[in-house]
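Engineer: sequence first, then the predicted structure, then my questions.
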Amino acid sequence: MSASSSAPIRVGVGLILCAALAACSGFDGASLRLASVVSPYQIEVVQGNFVSSEQVQSLKAGMGRQAVRELLGTPLLQSVFHADRWDYVFSFKRKGEPTQLRKVAVFFKNDQIERVEADQLPTEAEFVATLAGRANSGKVPILEASEEALKKFPVPAKAAEPRVLPPLPASYPPLETSTP
């Protein structure tokens, strides 16, 4: 190949490289706009034991470990170095909202509750409302019908009597035939 025939190829490759670089510089702005519109699905992450304020109020000094386990569940943290302390930690992460983090520590002395330290905890109803709040953002319709409204619908015909099936056989034939 002569030098004069490779010159157009070099110019062509140079133009392709320049076009590719120009396209890349415009891709950043377009990709940012696209990323702001389209985002990947992010799951809700729930970790630990949810402990409500009602459960903590039910704890009384002198309760045994088994009673605490039945009321709050198995503790998330039980340290060998702190055998008289059970920690219940709960975290809930949802896209676009701050992470909820709550901690409850139960301290034992002679296998009975000595004291309880807890963050500000929601009631069960408050916690359920936060879970359902985002999913049910629309207004819930009233599900009531007056007698007049019900008369608009035809009364369904009486269902046919169920068919009586013959009894099942006492034994079934073998699945495989035996070959001699």
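Structural biologist: Sure, I can see it. Residues are numbered from 1 along each chain as shown.
Engineer: low-scoring stretches of the protein, by residue?
Structural biologist: Per-residue confidence for the chain (pLDDT under 70) gives these ranges: 1-5, 18-39, 132-141, 159, 180.
Engineer: now the strands for it?
Structural biologist: Under the criterion DSSP state E, strands of the chain are mapped to 45-48, 77-78, 85-93, 100-109, 112-118.
Engineer: list the buried residues in the fourth one.
Structural biologist: Residues 102, 103, 104, 105, 106, 108 are the ones in strand 100-109 that count as buried (16 or more other CB atoms under 10 Å). Where you see a C-beta, it was placed from the backbone N, CA and C, and this is true even at glycine.
Engineer: can you put the residues you listed in JSON lines and add distance to residue 15?
Structural biologist: Putting those into JSON lines (distance: CB to CB, whole Å) gives the following:
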{"residue": "102", "distance to residue 15": "62"}
{"residue": "103", "distance to residue 15": "63"}
{"residue": "104", "distance to residue 15": "68"}
{"residue": "105", "distance to residue 15": "69"}
{"residue": "106", "distance to residue 15": "73"}
{"residue": "108", "distance to residue 15": "78"}
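Engineer: now the strands of the chain in CSV, with distance to residue 163?
Structural biologist: Shown next, in CSV, are the strands of the chain (distance: least, CB to CB, whole Å):
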stretch, distance to residue 163
strand 45-48, 48
strand 77-78, 59
strand 85-93, 51
strand 100-109, 55
strand 112-118, 60
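Engineer: so which of these comes closest to residue 172?
Structural biologist: Among the strands of the chain, the nearest to residue 172 by CB to CB is strand 45-48 (47.6 Å).
Engineer: could you list every helix and strand in contact with that closest one?
Structural biologist: strand 85-93 (3 or more CB pairs under 8 Å, 6 or more residues apart in numbering; DSSP states H and E).
Engineer: now for residue 90, how many residues are close by?
Structural biologist: Around residue 90 there are 19 other residues, counting by other CB atoms under 10 Å.
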